[in-house]
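> Any chance you could fold what I've pasted below:
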Amino acid sequence: MVENRCQFWKNYDSVGGSVSYCELAAFNRPVNPAFLEQIGCTAEKRKECLGTMELNIGTGAVPAPPAPVVCDPPPEIAKNVVGLAEKKAATTTPSLQLLALLAGAYIAMGAVLSTVVTNDLANYIGDGLSRLVGGMTFSLGLILVILGGAELFTGNNLMVTGFLQKKVTAQQVLKNWVWVYLFNFVGALIIVFIFYYSGIWKANSYGIALKAVGTANAKVSLSWSEAFFRGIFCNWLVCLAVWLAMGAKEAISKIIGIMIPVTAFVAIGLEHSIANMYFIPMGIMLKDHVIAQGLMAPELLQGLHWGGFFLKNLIPATIGNLVGGVIFVGVLYWSAYLRPSVRKLAEISGQREIRGAKPQTM
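I've put the predicted structure just below:
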């Protein structure tokens, strides 16, 4: 074998003759693929070196290529969520407002698509599958928010992890939530007016308008407690969608991670405060048109007005969303992975594993 100039290749003279081996392989030293590439340790070179080891010391094996990392483990996601909270807290107010406006519009776009696609779908495939398709199409909104880049109030509830980790202050978190919530509303209302004046809702003999009004009326017909608990369940799933998207390494995985929880919350029939900033105002705007067409009786829509929107839906749904996102995702995952006592226990466990590890071939 030609002399190996690698810093990790060792040559020793012994009574039995010269002994050569790879120090990394012999002592199972951890190395990452980027470092191996940097020092010129290619797959072909490793095969040559480990073959020489087989002849010299009776052991040697070509290591399997490292498995690609398709997603971060949950503890790493928790750290990334804290880092993201710091970035959000540092965003200037004008940028925050603009990005929040976009997020409100994006969620409303998903709501528009869901309404148009499912306006008469239940007649053909039944209620359950129609809900499933509605959830899949509604996912457009959160996909645009996360991949396009925008600030969504319900997703930003995860900033609580940064507060618990003492990386951001309570004032920074509250400032973000207030501005983002208000401008999410502005963005949603922009889509309400654009869609209303587009006249698209007249299609299918006003079927789209009927679907929009029916959806809004169902939401304001909930009791306060129903809207509250549906809000908890909803943002638990939405924040899990954000959590999964942050763990994914490429776009397709992020989209799938977003779509599954979002499809679930829509199909179940839960209450998302920002989505309702579109759904209910849209229903209010179209209410008179549906009545004029004789599609719904006026007495069935008595509760569909701005007072009913704020008092019977938006307020309880918003509070429920806060509980679902802050407590059931942010606080619980922080407690599981980042709480000081948990981190200390993990470090002790890791140190024991290192001390107890046995050398093995590369």
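> In the stretch 251-362 of the chain, where is pLDDT below threshold?
342-362 (pLDDT under 70).
> residues of stretch 22-42 that come out buried?
By 16 or more other C-beta atoms under 10 Å, the buried positions in stretch 22-42 come out as 22, 24-26, 36, 41. Yep, even glycine has a C-beta here, placed from its N, CA and C like the rest.
> hmm, which two among these are most spread apart?
For these, with distances taken as C-beta to C-beta, the pair at the greatest spread is Ala26 and Leu36 (15.8 Å).
> per the record, what domains does the protein have?
What automatic domain parsing lists as the domains of the chain is 9-57, 74-344.
> which of these sits most buried?
domain 74-344 (a mean of 19; mean count of other C-beta atoms under 10 Å).
> just to revisit the earlier point, nearest to Gly308, of the buried residues of stretch 22-42?
Minimum distance to Gly308 across these is 64.3 Å, recorded for Leu36 (C-beta to C-beta).
> Report the secondary structure element holding that closest one.
Leu36 is part of helix 33-38 when elements are defined by DSSP states H and E.
> what about the helices in the stretch 251-362 of the chain?
Under the criterion DSSP state H, counting those that start in this stretch, the stretch 251-362 of the chain carries helices at the ranges 251-268, 273-292, 306-308, 315-322, 332-337, 340-356.
> And the pLDDT at the residue nearest to Val186 when sequence neighbours are not counted?
Spatial nearest neighbour of Val186, excluding adjacent residues (C-beta to C-beta, 6 or more residues apart in numbering): Leu101 at 5.3 Å. Listed pLDDT for Leu101 reads 98.
> Measure how far the host helix or strand of Leu101 is from the centre of its chain, please.
Here Leu101, judged by DSSP H and E, is contained in helix 93-118. Taking C-alpha atoms, centre = their mean, to the nearest Å, one finds the center of helix 93-118 at 16 Å from the center of the full chain.
> Taking helix 251-268 as reference, get the angle to that helix.
60 degrees (axes from the mean of the first three to the mean of the last three C-alpha atoms, to 10 degrees).
> Run through the neighbouring helices and strands of helix 93-118.
Packed against helix 93-118 by the contact rule (3 or more C-beta pairs under 8 Å, 6 or more residues apart in numbering; DSSP states H and E) you find helix 122-138, helix 140-148, helix 170-198, helix 203-220, helix 273-292.
> Turn those into CSV, including distance to Glu48.
Shown next, in CSV, are the helices and strands packed on helix 93-118 (distance: least, C-beta to C-beta, whole Å):
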stretch, distance to Glu48
helix 122-138, 52
helix 140-148, 44
helix 170-198, 56
helix 203-220, 67
helix 273-292, 59
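> Of these, which is nearest Thr263?
Closest approach to Thr263 among those is made by helix 122-138 (3.4 Å; C-beta to C-beta).
> Give me the distance from the closest one to the chain's centre.
23 Å.
> likewise stretch 221-237?
Once both centres are worked out by C-alpha atoms, centre = their mean, stretch 221-237 turns out to sit 20 Å from its chain's centre.
> can you start the count at 631 instead of 1 from here on
Taking 631 as the first residue, the last one we looked at is stretch 851-867.
> which SSE is the residue nearest the centre of the chain in?
In the chain, the C-alpha nearest the mean C-alpha coordinate belongs to Val872, at 1.5 Å (C-alpha atoms, centre = their mean). Using DSSP H and E, Val872 maps to helix 854-877.
> That helix packs against which elements?
On a contact count with 3+ C-beta pairs under 8 Å, 6+ apart, helix 854-877 meets helix 704-720, helix 770-778, helix 783-786, helix 881-898, helix 945-952.
> which outside residues touch the helix or strand following the third one?
When you say that, I think you mean helix 783-786. Using DSSP H and E, the helix or strand that follows helix 783-786 in sequence is helix 790-794. With contacts defined as C-beta atoms under 8 Å, 6 or more residues apart in numbering, helix 790-794 is touched by 708, 711-712, 714-716, 719, 798-800, 803, 955-956, 960-961, 963-964, 968.
> go on, stretch 810-828?
Residues from elsewhere that reach stretch 810-828, judged by C-beta under 8 Å, 6+ apart: 726-728, 730-739, 741-742, 781-783, 786, 831, 904-905, 907-908, 911-912, 915-916, 948.
> Gln795: what's it in contact with?
Neighbours of Gln795 in contact, by C-beta under 8 Å, 6+ apart: 712, 715, 964, 968.
> Give me the three-state assignment for Tyr642.
At Tyr642 the chain is in strand, as set by DSSP: H, G, I helix; E, B strand; the rest coil.
> Quick check: the nearest residue to it once chain neighbours are set aside vs Met683, distance?
Distances taken as C-beta to C-beta, 6+ apart place Val649 nearest to Tyr642, at 4.8 Å, with adjacent residues excluded. Distance, Val649 to Met683, by C-beta to C-beta, to the nearest Å: 10 Å.
> got it, and Ala752?
Going from Ala752 to Met683 by C-beta to C-beta gives 68 Å.
> could you measure the residue nearest to Val816 against Ala833, distance?
For Leu731, the distance to Ala833 - C-beta to C-beta - is 27 Å.
> tell me which element Arg648 is part of?
Quick fix: residue 648 reads Ser, not Arg. Secondary structure from DSSP H and E places Ser648 in strand 647-652.
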